[in-house]
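[1] Below is the sequence, then the predicted model.
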Amino acid sequence: MESTNQQPAAALDAAQISEWVRAQFQKANLFLAEKGILMDSVAVQDSRYLPPMVAVWKINGLDRQSYWVISGDLPTDHLALTAAADARDALRVFSFRWQMKAQQLIDAGVQDQTSADYVNLLISRAHSLYDLFENEQFWAKANTSNA
(Lines give C-alpha, C1' and ligand atoms only; values in the text may rest on other atoms or scores of the structure.)
Protein backbone atom coordinates (compact mmCIF):
# COMPACT_ATOMS: atom_id res chain seq x y z
CA MET A 1 0.00 0.00 0.00
CA GLU A 2 1.32 3.40 -0.88
CA SER A 3 1.04 6.60 1.10
CA THR A 4 -1.81 8.62 -0.34
CA ASN A 5 -0.32 12.02 0.45
CA GLN A 6 3.31 12.99 0.71
CA GLN A 7 2.87 16.16 2.81
CA PRO A 8 2.89 14.82 6.41
CA ALA A 9 4.96 11.78 5.43
CA ALA A 10 7.72 14.00 4.01
CA ALA A 11 9.16 14.45 7.50
CA LEU A 12 9.40 10.66 7.83
CA ASP A 13 11.84 8.52 5.90
CA ALA A 14 10.80 5.28 4.20
CA ALA A 15 11.83 3.12 7.17
CA GLN A 16 9.84 5.30 9.59
CA ILE A 17 6.78 5.18 7.34
CA SER A 18 7.07 1.41 7.05
CA GLU A 19 7.36 1.05 10.84
CA TRP A 20 4.39 3.38 11.39
CA VAL A 21 2.23 1.42 8.93
CA ARG A 22 3.22 -1.87 10.57
CA ALA A 23 2.47 -0.50 14.06
CA GLN A 24 -0.93 0.83 12.96
CA PHE A 25 -1.81 -2.48 11.33
CA GLN A 26 -0.92 -4.31 14.55
CA LYS A 27 -2.95 -1.79 16.55
CA ALA A 28 -5.99 -2.33 14.30
CA ASN A 29 -5.61 -6.11 14.46
CA LEU A 30 -5.31 -6.08 18.27
CA PHE A 31 -8.34 -3.81 18.55
CA LEU A 32 -10.44 -6.23 16.51
CA ALA A 33 -9.15 -9.21 18.51
CA GLU A 34 -10.25 -7.44 21.72
CA LYS A 35 -13.72 -7.18 20.14
CA GLY A 36 -13.68 -10.92 19.40
CA ILE A 37 -12.99 -10.48 15.68
CA LEU A 38 -10.05 -12.43 14.29
CA MET A 39 -8.48 -11.16 11.08
CA ASP A 40 -8.27 -13.33 8.00
CA SER A 41 -6.83 -10.84 5.51
CA VAL A 42 -6.49 -7.16 4.70
CA ALA A 43 -7.63 -5.66 1.39
CA VAL A 44 -4.51 -3.61 0.75
CA GLN A 45 -5.83 -2.03 -2.45
CA ASP A 46 -8.83 -0.58 -0.58
CA SER A 47 -6.96 0.55 2.55
CA ARG A 48 -5.47 4.05 2.87
CA TYR A 49 -3.04 5.72 5.20
CA LEU A 50 -1.57 9.13 5.90
CA PRO A 51 1.40 8.80 8.27
CA PRO A 52 1.60 9.79 11.04
CA MET A 53 -2.06 10.79 11.30
CA VAL A 54 -4.47 8.08 10.18
CA ALA A 55 -4.76 4.63 8.65
CA VAL A 56 -8.01 3.14 7.37
CA TRP A 57 -7.90 -0.61 6.86
CA LYS A 58 -10.37 -2.82 5.03
CA ILE A 59 -10.10 -6.05 7.00
CA ASN A 60 -11.75 -9.38 6.31
CA GLY A 61 -12.46 -11.41 9.43
CA LEU A 62 -12.48 -15.13 9.99
CA ASP A 63 -16.20 -14.63 10.74
CA ARG A 64 -16.65 -13.97 6.99
CA GLN A 65 -17.51 -10.35 7.73
CA SER A 66 -15.52 -7.36 6.52
CA TYR A 67 -14.76 -4.19 8.46
CA TRP A 68 -13.32 -0.72 8.15
CA VAL A 69 -10.84 -0.15 10.97
CA ILE A 70 -9.28 3.22 11.74
CA SER A 71 -6.08 3.75 13.71
CA GLY A 72 -3.40 6.38 14.09
CA ASP A 73 -3.23 9.57 16.14
CA LEU A 74 -6.87 9.13 17.09
CA PRO A 75 -9.11 6.57 18.78
CA THR A 76 -9.00 3.14 17.16
CA ASP A 77 -12.47 2.16 15.98
CA HIS A 78 -14.25 -0.13 13.54
CA LEU A 79 -17.47 -0.42 11.61
CA ALA A 80 -19.08 -2.91 9.28
CA LEU A 81 -17.91 -2.74 5.68
CA THR A 82 -21.50 -2.10 4.63
CA ALA A 83 -21.50 1.23 6.53
CA ALA A 84 -19.16 2.86 4.01
CA ALA A 85 -18.55 2.44 0.30
CA ASP A 86 -14.79 3.03 0.46
CA ALA A 87 -12.01 4.36 2.71
CA ARG A 88 -13.00 7.96 2.02
CA ASP A 89 -16.60 7.33 3.01
CA ALA A 90 -15.39 5.43 6.09
CA LEU A 91 -13.67 8.62 7.28
CA ARG A 92 -16.98 10.47 6.95
CA VAL A 93 -18.84 7.77 8.88
CA PHE A 94 -16.24 7.70 11.68
CA SER A 95 -16.37 11.51 11.83
CA PHE A 96 -20.16 11.54 12.27
CA ARG A 97 -20.05 8.64 14.72
CA TRP A 98 -17.50 10.41 16.92
CA GLN A 99 -19.44 13.68 16.81
CA MET A 100 -22.56 11.84 17.97
CA LYS A 101 -20.62 9.99 20.68
CA ALA A 102 -19.14 13.26 21.94
CA GLN A 103 -22.60 14.83 22.05
CA GLN A 104 -24.00 11.83 23.95
CA LEU A 105 -21.21 12.16 26.52
CA ILE A 106 -21.82 15.90 26.85
CA ASP A 107 -25.57 15.31 27.24
CA ALA A 108 -24.91 12.68 29.91
CA GLY A 109 -22.79 15.18 31.81
CA VAL A 110 -19.01 15.15 31.70
CA GLN A 111 -17.97 14.31 35.26
CA ASP A 112 -14.18 14.57 35.26
CA GLN A 113 -11.17 15.87 33.35
CA THR A 114 -10.46 12.50 31.73
CA SER A 115 -13.97 12.42 30.25
CA ALA A 116 -13.68 16.05 29.15
CA ASP A 117 -10.35 15.30 27.46
CA TYR A 118 -11.89 12.30 25.67
CA VAL A 119 -14.84 14.39 24.45
CA ASN A 120 -12.46 17.06 23.17
CA LEU A 121 -10.34 14.40 21.43
CA LEU A 122 -13.41 12.92 19.73
CA ILE A 123 -14.55 16.34 18.54
CA SER A 124 -11.10 17.37 17.32
CA ARG A 125 -10.44 14.13 15.45
CA ALA A 126 -13.96 14.07 14.01
CA HIS A 127 -13.38 17.52 12.51
CA SER A 128 -9.96 16.47 11.16
CA LEU A 129 -11.42 13.35 9.57
CA TYR A 130 -14.21 15.31 7.94
CA ASP A 131 -11.72 17.86 6.59
CA LEU A 132 -9.73 14.99 5.12
CA PHE A 133 -12.91 13.43 3.69
CA GLU A 134 -13.71 16.72 1.92
CA ASN A 135 -10.17 17.29 0.56
CA GLU A 136 -10.55 16.63 -3.18
CA GLN A 137 -6.80 17.04 -3.85
CA PHE A 138 -5.95 14.36 -1.30
CA TRP A 139 -8.35 11.85 -2.84
CA ALA A 140 -7.25 12.67 -6.41
CA LYS A 141 -3.68 11.80 -5.34
CA ALA A 142 -4.93 8.71 -3.50
CA ASN A 143 -6.67 7.43 -6.62
CA THR A 144 -3.67 8.00 -8.89
CA SER A 145 -1.11 6.55 -6.44
CA ASN A 146 -3.03 3.29 -6.18
CA ALA A 147 -3.79 2.89 -9.89
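    Here it is on my side, so go on.
[2] residue at max distance from the center of the protein?
    Here the chain reaches farthest from its C-alpha mean at Gln111, the gap being 27.7 Å by Cα atoms, centre = their mean.
[3] so how far is Tyr118 from it?
    11 Å (Cβ to Cβ, to the nearest Å). C-beta here means a position set from N, CA and C on the backbone, and glycine is covered the same way.
[4] same question, Leu38
    Relative to Tyr118, Leu38 is positioned 28 Å away (Cβ to Cβ).
[5] so the nearest residue to Ala102 once chain neighbours are set aside is in which element?
    Nearest residue to Ala102 in three dimensions, chain neighbours excluded: Leu122, at 4.1 Å (Cβ to Cβ, 6 or more residues apart in numbering). Secondary structure assignment for Leu122, by DSSP states H and E: helix 113-134.
[6] in that helix, what counts as buried?
    For helix 113-134, the neighbour count (16 or more other Cβ atoms under 10 Å) marks 118-119, 122-123, 125-126, 128-130, 132-133 as buried.
[7] Which residue ranges of this structure form strands?
    39-42, 48-50, 54-61, 66-72, 77-80 (DSSP state E).
[8] Least confident secondary structure element in the protein?
    helix 6-9 (a mean of 45; mean pLDDT, DSSP states H and E).
[9] Low-confidence regions, this structure specifically.
    Scanning the chain with the threshold set as pLDDT under 70 gives 1-10, 142-147.
[10] Find the centremost residue of it, please.
    For the chain, Ile70 is the residue whose C-alpha lies nearest the centre (Cα atoms, centre = their mean; 2.4 Å).
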